[in-house]
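J.: Mind looking at a prediction? Sequence and model below.
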Amino acid sequence: MHFLGAHVPSSRSVTVTVRFLARYAELAGRETVTVQAPGPATVDSILARLSEVLPAAGRLPAKPLCACNFRQVRGTELVADGDEIALLPPMAGG
Amino acid sequence: MHFLGAHVPSSRSVTVTVRFLARYAELAGRETVTVQAPGPATVDSILARLSEVLPAAGRLPAKPLCACNFRQVRGTELVADGDEIALLPPMAGG
Amino acid sequence: MPFLTEQDLQVNVLAAEVAAADRGAIVSFVGTVRDHHAGRSVLRLEYSAYAEMAESECEAVILEAERRWSVAVTLRHRIGQLAVGDAAVAVVVASAHREAAFDACRFVIDEVKRRVPIWKKEYYADGSVAWVDPTAPGGTVPSERLDA
Amino acid sequence: MPFLTEQDLQVNVLAAEVAAADRGAIVSFVGTVRDHHAGRSVLRLEYSAYAEMAESECEAVILEAERRWSVAVTLRHRIGQLAVGDAAVAVVVASAHREAAFDACRFVIDEVKRRVPIWKKEYYADGSVAWVDPTAPGGTVPSERLDA
């Protein structure tokens, strides 16, 4: 995972795992899906590809809270091959 | 126990128990002493009589924190026959 | 490091983790399952987490508190099925000074609620099931899973 | 009503007194005996109280907290001999809202320290004995009783 403007990986395609948490797993009908996007890819570009590979993902909010490799990230962050992108409903712990 | 200016008891003498707590009992060398004062008497007038009846009480601070019948009071409050006047060192609970 | 647990939370056990002879103040917070939410009678609930991220966020919150105040902090959050009255989360903070212990304890529970990826599904007396969502009108969103 | 006790303080037992299905937040404060005070090594200490007044002041503090916030409060203070690490005071507050529980718990321990007539005599490793006095320079005044 890199910030835009930092070292940019080659433009060959990037494959990531997208994980749906809690209510989003109910809406998506599954817990994970594999998404491939042309590199360099950002969290936002992965989200944009999502409903092409999984139509049910169209039911999710357009701008969900996201984590990349277990750390909260902005949509503009770059993703790398093998990353896990998690879509997180509003937190409700405690 | 009454406030000054409220109903004032007759001027016959008032007898109270003065109780020394914690370090003040060490200084006074005892835990209680009976003090008689001409009525109407206040907490302050009882304190003024104290070293006459118990010389060791001269080692106590001139203006200790006082309670009358288990409630913190000012020196100007009147005391009634049978009241318990307690002399309290600075509190150190908790 | 396992801040998420399926075991009962015991404040006295957690307090022993942070107690020390030079820490005279111990402040704890326990959040328990309430019998009502948004006017509905709650029978039980289920906590789930994005476990790996939740663990690292809990650790980050604790480190932040321990850096900001002179305190020792411990924390547990239940996952799985809970009944009304069960302790869902416990934070215990020990310090030489009670002000720091209170401030740090409050900070930790606020941050846990804000940033640790844990979700709560409520099962109501009327048979309905909903996800708690503090951003939704009414505070919940219906669950869609029929077997829920 | 007996807020003073010679028994060990158990936060979980006290919490059960104030817990209720509609009170989801429980905040507790425990003050323990520290091993040092004002640079001296403390071996043990002894709390004494003006019992009847201490009981009524504890009750007044609790009523004031319960009137000011929507909370249930319980409180115990040890008297007698305590060792390093022992819990000297415990306050447990339950509420529907954690902010109220934190505020009320802090208020109660602050008020207990300020107005409940309890005194603390410390026994040091060097054999000396002193009364804790927050108003004195250094925070203590030597005890005069040789058998102390």
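T.: The structure has been received and is ready for your questions.
J.: Below-threshold pLDDT in the chain: ranges please.
T.: Since no chain was named, I'll use chain A. Applying pLDDT under 70 to chain A flags residues A:1-11.
J.: try again with chain C
T.: Applying pLDDT under 70 to chain C flags the ranges C:1, C:146-148.
J.: The residue of chain A found nearest chain D in helix, strand or coil?
T.: In chain A, the residue that lies nearest chain D is residue A:94 (8.5 Å; C-beta to the nearest C-beta). From N, CA and C alone the C-beta is placed, and that goes for glycine too. Using DSSP: H, G, I helix; E, B strand; the rest coil, the structure places residue A:94 in coil.
J.: In contact with residue 18, which residues?
T.: You didn't pick a chain, so chain A it is. A:32, A:33, A:34, A:35, A:46, A:50, A:84, A:85, A:86, A:87 (C-beta atoms under 8 Å, 6 or more residues apart in numbering or on different chains).
J.: Let me rephrase: I mean chain C.
T.: Taking C-beta under 8 Å, 6+ apart as the test, what residue C:18 contacts is C:26, C:72, C:73, C:74, C:92, C:93, C:94.
J.: The fifth one falls within a helix, correct?
T.: No. With the criterion set as three-state DSSP, the secondary structure at residue C:92 is strand rather than a helix.
J.: Among the contacts of residue C:18, which one has the most neighbours?
T.: For these, the largest number of neighbours (other C-beta atoms under 10 Å in any protein chain shown) sits with residue C:93, at 32 neighbours.
J.: In strands, which of the contacts of residue A:18 fall?
T.: A:32, A:33, A:34, A:35, A:84, A:85, A:86, A:87 (DSSP state E).
J.: Now the last one: closest residue in space that isn't a chain neighbour?
T.: Across the structure, with C-beta to C-beta, 6 or more residues apart in numbering or on different chains as the measure, the residue nearest residue A:87 apart from its sequence neighbours is residue A:64 (4.6 Å).
J.: Burial check on the one you found, number of neighbours?
T.: For residue A:64, using other C-beta under 10 Å, the count is 16.
J.: What separation do you get for the closest residue in space to residue C:24 that isn't next to it in sequence and residue C:109?
T.: Spatially, and ignoring its direct neighbours in sequence, residue C:24 is nearest to residue D:34 (4.2 Å; C-beta to C-beta, 6+ apart). Shown here: residue D:34 relative to residue C:109, a distance of 25 Å by C-beta to C-beta, to the nearest Å.
J.: same thing with residue C:139?
T.: Taking C-beta to C-beta, one finds residue C:139 at 18 Å from residue C:109.
J.: Touching, residue A:90 and residue A:65? I think so.
T.: Yes. Under the criterion of C-beta atoms under 8 Å, residue A:90 makes contact with residue A:65 at 7.2 Å.
J.: Just send the contacts of residue A:18 back as a markdown table, with neighbour count too.
T.: Below are the contacts of residue A:18 laid out as a markdown table (neighbours: other C-beta atoms under 10 Å in any protein chain shown):
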| residue | neighbour count |
| --- | --- |
| A:32 | 15 |
| A:33 | 17 |
| A:34 | 10 |
| A:35 | 23 |
| A:46 | 21 |
| A:50 | 22 |
| A:84 | 17 |
| A:85 | 23 |
| A:86 | 25 |
| A:87 | 24 |
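J.: thinking again about what came up before, how much space separates the residue nearest to residue A:87 from chain C?
T.: Using C-beta to the nearest C-beta, to the nearest Å, one obtains 11 Å as the distance from residue A:64 to chain C.
J.: Kindly list the longest helix within chain A.
T.: helix A:43-53 (DSSP state H).
J.: related to what we said a few turns ago, higher neighbour count, residue D:34 and residue C:109?
T.: Applying other C-beta under 10 Å to residue D:34 and residue C:109 shows that residue C:109 carries more neighbours, namely 25 against 19.
J.: residue contacts, residue 45?
T.: Reading this off chain A. Going by C-beta under 8 Å, 6+ apart, the list of residues near residue A:45 reads residue A:37.
J.: To clarify, I was referring to chain C.
T.: C:33, C:81, C:82, C:120, C:121, C:122, C:123.
J.: One more: residue C:58?
T.: Contacts of residue C:58 by C-beta under 8 Å, 6+ apart are C:3, C:4, C:75, C:77, C:112, C:116.
J.: Get me the contact residues on chain A for chain C.
T.: Within chain A, the positions near chain C by C-beta under 8 Å from any C-beta of the partner chain are A:19, A:21-23, A:26-27, A:67, A:70-72, A:86, A:88-94.
J.: swap the cut-off to 6 Å and go again
T.: Within reach of chain C by C-beta under 6 Å from any C-beta of the partner chain, chain A has these residues: A:21-23, A:26, A:67, A:70, A:86, A:88, A:90-94.
J.: Pairing partners for residue 41 in the sheet, please.
T.: You didn't say which chain, so I picked chain A. Bridge pairing for residue A:41 (DSSP bridges) gives the partners residue A:79.
J.: meant chain C actually
T.: Bridge pairing for residue C:41 - DSSP bridges - gives residue C:36.
J.: Quick check, it in contact with residue C:125.
T.: Yes. Between residue C:41 and residue C:125 there is a contact under C-beta atoms under 6 Å: 3.9 Å.
J.: how about the helix or strand harbouring residue C:109 against chain B, any contact?
T.: Taking DSSP states H and E as the criterion, the element that holds residue C:109 is helix C:98-115. No. Against chain B, helix C:98-115 shows no contacts by C-beta under 6 Å from any C-beta, the least distance being 8.5 Å.
J.: near chain D, anything from the helix or strand following that helix?
T.: Downstream of helix C:98-115, the next assigned helix or strand under DSSP H and E is strand C:118-124. No. Using C-beta under 6 Å from any C-beta, strand C:118-124 never reaches chain D; the gap is at least 11.8 Å.
J.: which residues are in contact with strand C:118-124?
T.: Contact with strand C:118-124 is made by A:22, A:92-93, C:37, C:40, C:42-49, C:54, C:129-132, as judged by C-beta atoms under 6 Å, 6 or more residues apart in numbering or on different chains.
J.: distance of residue C:95 from residue B:18?
T.: Distance from residue C:95 to residue B:18, by C-beta to C-beta: 41 Å.
J.: Could I get the buried residue list for the one helix or strand residue C:67 maps to?
T.: Using DSSP H and E, residue C:67 falls within helix C:51-68. Going by neighbour count (16 or more other C-beta atoms under 10 Å in any protein chain shown), the buried part of helix C:51-68 is C:53, C:54, C:55, C:56, C:57, C:58, C:61, C:62, C:65.
J.: Next up, the contacts around the nearest residue to the first one once chain neighbours are set aside.
T.: Spelled out, it's residue C:53. In space, and not counting its chain neighbours, residue C:53 is closest to residue A:70: 3.9 Å by C-beta to C-beta, 6+ apart. Going by C-beta under 6 Å, 6+ apart, residue A:70 touches C:52, C:53, C:56.
J.: For the residue positioned nearest the centre of chain C, list each beta-bridge partner.
T.: In chain C, the residue lying closest to the centroid (C-alpha atoms, centre = their mean) is residue C:89, at 2.9 Å. Beta-bridge partners of residue C:89, counted by DSSP bridges, are residue C:31, residue C:77.
J.: and residue A:73, what does it touch?
T.: Residue A:73 touches A:43, A:66, counting by C-beta under 6 Å, 6+ apart.
J.: okay, which residue is most central for chain A?
T.: residue A:85 (3.9 Å).
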